[in-house]
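Colleague: just the structure for this:
(chains A, B and C)
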Amino acid sequence: MDSGPATTPDWSPSGIVTLTTDFGLMDPYVGIMKGVILGENVSAKLVDLTHAVAPQDVRSAAWFLSRSWSWFPPGSVHLAVVDPGVGGDRQILLAIHEGHAFLAPDNGLLQAFLPSTTLLWPLDLEREDLAEPSHTFHGRDVFAPIAARLAAGTLPILGGAAVEGVGGIKFPESVQCPDGRVETEVLLVDHYGNLISGFCPGPEEANPGLWEVDVAGHLVPGAKTYGDVGSGELLALLDSYGHIEVAKRDGSAAQALGAGPGDSMTVRMKTT
Amino acid sequence: MDSGPATTPDWSPSGIVTLTTDFGLMDPYVGIMKGVILGENVSAKLVDLTHAVAPQDVRSAAWFLSRSWSWFPPGSVHLAVVDPGVGGDRQILLAIHEGHAFLAPDNGLLQAFLPSTTLLWPLDLEREDLAEPSHTFHGRDVFAPIAARLAAGTLPILGGAAVEGVGGIKFPESVQCPDGRVETEVLLVDHYGNLISGFCPGPEEANPGLWEVDVAGHLVPGAKTYGDVGSGELLALLDSYGHIEVAKRDGSAAQALGAGPGDSMTVRMKTT
Amino acid sequence: MDSGPATTPDWSPSGIVTLTTDFGLMDPYVGIMKGVILGENVSAKLVDLTHAVAPQDVRSAAWFLSRSWSWFPPGSVHLAVVDPGVGGDRQILLAIHEGHAFLAPDNGLLQAFLPSTTLLWPLDLEREDLAEPSHTFHGRDVFAPIAARLAAGTLPILGGAAVEGVGGIKFPESVQCPDGRVETEVLLVDHYGNLISGFCPGPEEANPGLWEVDVAGHLVPGAKTYGDVGSGELLALLDSYGHIEVAKRDGSAAQALGAGPGDSMTVRMKTT
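Modeller: So this is what the prediction gives:
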């Protein structure tokens, strides 16, 4: 019996590589990683998703990538390097999902959002053509060359049988109560001060006439878009991630309400 | 009679798309927009102008774009998405000016700096091939695909007769008094702490021997460049935008003077 | 006798241009510079190293570039514009080193890290095909077009005989004492709060079992990688720059120790 993978994933690249890291933009770490990618594959098209993930915050990286990848064309490589276990014995995983490739450390990042049936392939770095990596910067020494080759069409050497995803990291869930209430929490505050909740309503619930949101002691009415309320007023709307968020028109809801990640939010669904 | 545009603008693309937004770089909003652009047109060359416009600050976006677009080659698409009216009934405008294409919400952004004779074409989004847009992120759902197609040479479907620009948003003006004084204000403070004024002298006035600037209780002498004064000294010079600015050599004039946007500045022109 | 250069440097471009500046990302200065580059050479591949160098901090720019350039493929152009002398009579220097091109003001930036035998060629801007430059933004008016042409294979016109580098700017040095101690200092604090020292051990010293680091009153044990200590513990490891750094696992050493650039660090090498 061959201990290698029974089937190799299908892969047809677009040439695009997206980058999600906790490197920040002060240091040249992102630029160095891009230099290595272009050195392997000068045609790669590099797109920053964000480098402002808080250091070691695997969950936020997973969230940002989960809400971004599908806006890129199939064939894109999505590289996520938030890697507190760098230099240790954690593996590096490859997943191919709906024609996109995902590359990340085996720290729950990919498992947090890829369907649990997605196969996650550990890489065999010993057999990969790589210089001896440092103990602190596998973004540069391992992820970058492998992403570059993926973007050129070359799959990495796989380290054995793929495993199915098991969700280690969880996003805040929402619990639907019998009376129609949905209990959730503030998942993140974005650049505008919008309070993005953990509640992603289904199509039949996505009607702002049917909800209002209780957060930080305020009851915020549902609305379709910012212009439906006056300047400075609060509203609860379906945001571009598909989640219910609380926003302040022409202002910051987070500031106005003193609310932040982890605070509880209750979406009251009016039964129809 | 055809209600459509009498003439279609001429357009020959360079493939470049510049991006000016108030999205910030924390969230993946800019990256998502780039994903959509590349999905429509994988050859597009994307250049960030700035994403640090304060939320909903249409005037600053207009100013930054007004001072930047002409440094790009003709055929560039300039996408400006500061869009407090997203989800409402504001239109999206296309302008072609000196071989460049400009795409922005109809909120005064383009009217603030394009010549008032420039035709502004409303888009007919109903007839454009687009998925149903969200109520909050037209940068992703409308502007990105249209900019991508523009960069590939395809003009969007125009929604009727073009209108001429009418300047809603105004940059701080400068008023020339009979005694040679010019009354203006601090238009913005840049990254270096330079106080950029609203006064853009004509060629015959662009002589630092002829001016001195009164700001925040200080009279600052004119100079040609930073090296003309000692380290730590203030000077008033013609900046790279073509405006008079007050700077501190090797330091921040804004910090030294406690001055900021909106503070009055008087340029005293010596009559010759 | 010809006063021009005796030999012209060999140059074969990759098309890549890296950018290191103190421009920040608030203003459109970086974007404008990219517009000029693409206007001259629409095929240039632009990579940001960092734009977060503190205003006028030539030494940090030199450090970041020194640790980044070799990760790019040969043929890359490295443009560094931290230019407090802009508008004065400082020259602009070109160096070709190991197949890479470096372009920077003559303010010690390149001399700080290129081998002292590297030839530094002053440019003859009078003879170069350039519009009249501003007095404040040579990044846009001089460096950008010349970098664009370099990336397309055209060397700039050289202004005379090249000179050898003479190190004006110095990075913190480390002094090895007879008892095995190495006296150095904190060179910089990175985004993670790691304290990067001025000590770059040779291969025979690069053994974390052999050192411990004294900084801010703490004696920090050597380790190979973050995972070798518990969460929240301090360690002294060989970082990705090849220097010894003090880090806190899952946290910020700078914050934990209240330490920053210039603070003394002593690496105690155990004699074997």
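Colleague: contacting residues around whatever residue of the stretch 1-150 of chain A ends up closest to chain C?
Modeller: The nearest approach of the stretch 1-150 of chain A to chain C comes at residue A:87, 2.7 Å away (Cβ to the nearest Cβ). C-beta here means a position set from N, CA and C on the backbone, and glycine is covered the same way. Going by Cβ atoms under 8 Å, 6 or more residues apart in numbering or on different chains, residue A:87 touches A:134-136, A:138, C:224-227.
Colleague: and the pLDDT at it?
Modeller: In the predicted model, residue A:87 carries a pLDDT score of 89.
Colleague: which one of the contacts of residue A:87 is nearest to residue A:74?
Modeller: If you rank the contacts of residue A:87 by distance to residue A:74 using Cβ to Cβ, residue A:138 comes first, at 26.4 Å.
Colleague: for the closest one, phi and psi?
Modeller: phi -70, psi -20 (degrees, to the nearest 10).
Colleague: of the contacts of residue A:87, closest to chain B?
Modeller: Using Cβ to the nearest Cβ, those come closest to chain B at residue A:138, 21.9 Å.
Colleague: the closest one is in contact with residue A:85, isn't it?
Modeller: No - the criterion here is Cβ atoms under 8 Å, and residue A:138 misses it with residue A:85 at 9.6 Å.
Colleague: any shared contact partners between these two?
Modeller: Common neighbours of residue A:138 and residue A:85, using Cβ under 8 Å, 6+ apart, are residue A:105.
Colleague: who's more crowded, the two?
Modeller: residue A:138 (23 against 17; other Cβ atoms under 10 Å in any protein chain shown).
Colleague: number of residues surrounding the residue nearest to the more buried one when sequence neighbours are not counted?
Modeller: Among residues not flanking residue A:138 along the chain, residue A:86 sits closest, at 5.2 Å (Cβ to Cβ, 6 or more residues apart in numbering or on different chains). When neighbours are counted by other Cβ under 10 Å, residue A:86 registers 23.
Colleague: what sits against residue A:86?
Modeller: So residue A:86 contacts A:105, A:135-138, C:225-227 (Cβ under 8 Å, 6+ apart).
Colleague: in the stretch 1-150 of chain A, where is pLDDT below threshold?
Modeller: A:1-7 (pLDDT under 70).
Colleague: cutoff 80 now
Modeller: When residues are selected by pLDDT under 80, those of the stretch 1-150 of chain A lie in A:1-8.
Colleague: how about the strands in it?
Modeller: Along the stretch 1-150 of chain A, the stretches classed as strands by DSSP state E, counting those that start in this stretch are A:16-21, A:45-50, A:77-81, A:92-97, A:100-105, A:119-122.
Colleague: for chain B, find the nearest of those strands.
Modeller: Per Cβ to the nearest Cβ, nearest to chain B of the strands of the stretch 1-150 of chain A: strand A:45-50, 3.9 Å.
Colleague: can I get that closest one in PDB, CA atoms only?
Modeller: The C-alpha trace of strand A:45-50 is given here as PDB (Å, rounded to 0.1, in the frame of the first residue of the first chain):
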ATOM      1  CA  LYS A  45      -0.200  38.800  -8.900                       C
ATOM      2  CA  LEU A  46       0.000  39.700  -5.200                       C
ATOM      3  CA  VAL A  47      -3.000  41.100  -3.300                       C
ATOM      4  CA  ASP A  48      -2.900  42.100   0.400                       C
ATOM      5  CA  LEU A  49      -6.100  41.100   2.200                       C
ATOM      6  CA  THR A  50      -4.900  42.500   5.500                       C
END
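Colleague: what pairs with that strand, parallel or antiparallel?
Modeller: Paired with strand A:45-50 in the same sheet, following DSSP bridges, are strand A:16-21 (parallel).
Colleague: now the partner strand against strand A:100-105, angle please.
Modeller: Here the directions of strand A:16-21 and strand A:100-105 differ by 30 degrees (axes from the mean of the first three to the mean of the last three Cα atoms, to 10 degrees).
Colleague: of the contacts of residue A:86, closest to residue C:151?
Modeller: residue A:137 (26.9 Å).
Colleague: check contacts around the closest one.
Modeller: Counting by Cβ under 8 Å, 6+ apart, the residues that residue A:137 touches are A:29, A:86, C:239-240.
Colleague: make it 10 Å
Modeller: A:23, A:29, A:32-33, A:81, A:83, A:86-87, A:143-144, C:239-241 (Cβ atoms under 10 Å, 6 or more residues apart in numbering or on different chains).
Colleague: was I right about residue A:95 contacting residue A:120?
Modeller: Yes - the criterion here is Cβ atoms under 10 Å, and residue A:95 meets it with residue A:120 at 5.2 Å.
Colleague: can you list residues touching both of these two?
Modeller: With Cβ under 10 Å, 6+ apart as the test, residue A:95 and residue A:120 both reach A:102, A:104, A:110-111, A:114, A:162, A:165.
Colleague: please identify which pair of those lies farthest apart.
Modeller: Most distant of these, by Cβ to Cβ, are A:104 and A:162, 14.5 Å apart.
Colleague: who has more neighbours, these two?
Modeller: Neighbour count, other Cβ under 10 Å: between residue A:104 and residue A:162, residue A:104 has more, with 28 against 21.
Colleague: bridged to the more buried one, which residues?
Modeller: With DSSP bridges as the rule, residue A:104 is bridged to residue A:93.
Colleague: that one against residue A:85, yeah?
Modeller: No - if you go by Cβ under 10 Å, residue A:104 and residue A:85 don't touch, sitting 11.3 Å apart.
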